[in-house]
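>>> Coordinates for the following, if possible.
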Amino acid sequence: MLQNRRIYLPPLSLIGPGALNDLAEELKTLHYKKALFVTDKILVEIGVAQKVLDVIKSSNIDVVVFDDVYPNPTVKNVNDGLAVLKENACDFILTLGGGSPQDCGKAIGILAANGGNIEAYEGIHMSKNPSLPIIAINTTAGTASEVTINYVITDEKRHIKMVMVDKNCLVAIAVNDPELMLGKPAALTAATGMDALTHAIETYVTKGAFGWSDALALEAIKLISQSLETAVLDGQNLEARSKMAWGQFIAGQAFSNAGLGYVHSMAHQLGGMYDMPHGVANAILLPHVEKFNIPACAHKLKKVASAMGVVVSDMSDTEGANAAIAAIKVLSKAVGIPSGLKEFGVKEEDFKEMAKNALADVCTGGNPRDVTLEETIAIYKEAM
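Residues are numbered from 1 along each chain as shown. Now for the predicted structure:
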């Protein structure tokens with residue numbers, strides 16, 4: 001029987017080569033006057049931000065640039081951006097970048113519409129009012145923050161990542177133009193791509209999975225598995241970049257509406273404690289957490305293996321699940337992901353605190369297998 005579901009998606013998504021130019025036409029139909037342009041300094045330095053500014057200004061919209069966003073955006077970043085927005089009376093937010101500017105922009109939008117401190121919005125649907133309008137332009141094939149109801153902000157005082165799941169942060173227009181992704185560094189492409197793969201796999205095996213999310217997740221796994229290595233090795237390959245844009249886009253839609261799992265719960269702690277890149281943390285943890293999950297979802301992990309190109313017709317569910325874990329490791333190595341957490345200075349004496357915080361993370365409830373503090377510590381150790 002068909003289950004009752006609420007599906008949250010942006011009202012409009014523009015995707016494909018040249019999608020940025022389509023945005024100019026959309027802006028002409030709106031009544032926005034001044035944008036807070038949330039991005040990072042790297043995108044300003046390499047000229048990508050200017051390409052977008054040219055499009056926005058051609059629509060007779062004033063722009064105020066806020067580019068002080070860290071790779072793991074912090075409470076301070078959010079507060080600073082909000083101050084700039086208020087000082088300049090901006091009536092909408094335009095975000096450009098990967099997950100960091102997107103998440104920071106969402107947090108600013110929620111505070112602009114609801115007031116208070118961002119720490120108060122940690123959790124699920126904690127705000128009352130829809131965000132100030134946001135137009136999100138994505139430049140990496142990874143987080144899919146431009147299409148999700150999720151955002152993550154680092155609390156630098158507590159050294160944790162706060163996860164917000166909030167329908168009110170959904171953007172008005174999402175833009176995925178793979179031409180903006182051309183030439184991105186190989187390491188960034190690998191990390192964000194493995195983040196997208198983690199989204200697809202976790203949402204496929206999560207407790208909240210359903211038919212629609214399953215279909216999107218499996219297609220995302222196929223697209224990412226087919227194109228990530230090429231995108232890493234040849235950053236100018238538009239076909240590979242386009243497949244990655246589509247893969248991360250539909251993976252984001254799937255996990256935004258079905259949920260994630262313990263890979264993300266554990267990765268969030270590495271980001272909060274060590275400022276570790278989120279995609280790399282996910283990539284290192286993914287095979288170890290899914291190995292732990294085999295007793296609960298072997299049949300689904302076997303289908304993951306098939307989506308990654310493994311012939312599983314003569315395998316049992318458990319054999320297929322192990323083949324999926326092997327395929328994840330092969331792809332991760334091929335794109336240059338570090339082999340373990342030691343390379344980032346992770347210390348075993350921090351495992352207990354991180355494990356406690358992981359168990360309290362909003363993503364934990366979606367994991368297909370329940371997990372204990374001791375099991376969490378053991379997974380961190382295995383990932384070293």
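>>> This structure: helices as residue ranges?
Secondary structure of the chain (DSSP state H): helices located at 19-27, 41-45, 48-57, 75-87, 99-114, 186-205, 211-233, 238-258, 262-274, 278-307, 317-334, 351-360, 373-382.
>>> among these, which is nearest residue 142?
Proximity to residue 142, assessed across the helices of the chain by CB to CB, is greatest for helix 186-205 (2.7 Å). C-beta: built from backbone N, CA, C; applies to glycine.
>>> Mind listing what's buried along the closest one?
For helix 186-205, a neighbour-count test (16 or more other CB atoms under 10 Å) marks 187-205 as buried.
>>> Which strands or helices does that helix pack on?
In terms of contact count using 3 or more CB pairs under 8 Å, 6 or more residues apart in numbering; DSSP states H and E, helix 186-205 is assigned the packing partners helix 211-233, helix 238-258, helix 262-274, helix 278-307, helix 317-334.
>>> Let's have the ones you listed in TSV, adding mean neighbour count.
Below are the helices and strands packed on helix 186-205 laid out as TSV (neighbours: other CB atoms under 10 Å):
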stretch	mean neighbour count
helix 211-233	21
helix 238-258	25
helix 262-274	25
helix 278-307	23
helix 317-334	19
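>>> Let me have those in a markdown table, adding distance to residue 380 and mean pLDDT as columns.
Formatted as a markdown table, the entries for the helices and strands packed on helix 186-205 read as follows, by distance: least, CB to CB, whole Å; pLDDT from 0 to 100:
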| stretch | distance to residue 380 | mean pLDDT |
| --- | --- | --- |
| helix 211-233 | 25 | 97 |
| helix 238-258 | 23 | 97 |
| helix 262-274 | 7 | 95 |
| helix 278-307 | 8 | 97 |
| helix 317-334 | 17 | 97 |
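>>> So which of the ones you listed is nearest residue 138?
Nearest to residue 138 among the helices and strands packed on helix 186-205 is helix 238-258; the distance by CB to CB comes to 7.7 Å.
>>> Please work out the angle formed by the directions of that closest one and helix 186-205.
Taking axes from the mean of the first three to the mean of the last three CA atoms, to 10 degrees, helix 238-258 and helix 186-205 form an angle of 40 degrees between their directions.
>>> Please identify which of the helices and strands packed on helix 186-205 is closest to residue 351.
Comparison of those against residue 351 by CB to CB identifies helix 262-274 as nearest, at 9.3 Å.
>>> Residue 168: which of the helices of the chain is closest?
Nearest of the helices of the chain to residue 168, taken as CB to CB: helix 99-114 at 6.5 Å.
>>> Give me the angle between that closest one and helix 186-205.
Helix 99-114 and helix 186-205 meet at an angle of 60 degrees, taking the same axes, to 10 degrees as the criterion.
>>> Count the residues that sit near the nearest residue to residue 376 once chain neighbours are set aside.
Residue nearest to residue 376 in three dimensions, not counting chain neighbours: residue 355, with 3.8 Å by CB to CB, 6 or more residues apart in numbering. Residue 355: 23 surrounding residues under other CB atoms under 10 Å.
>>> before we move on, what about residue 83?
Other residues lying near residue 83 total 12 when counted by other CB under 10 Å.
>>> ok, now which ones touch it?
When the contact criterion is CB atoms under 8 Å, 6 or more residues apart in numbering, residue 83 has no partners at all.
>>> ok, now how distant is it from residue 53?
For residue 83, the distance to residue 53 equals 21 Å [CB to CB, to the nearest Å].
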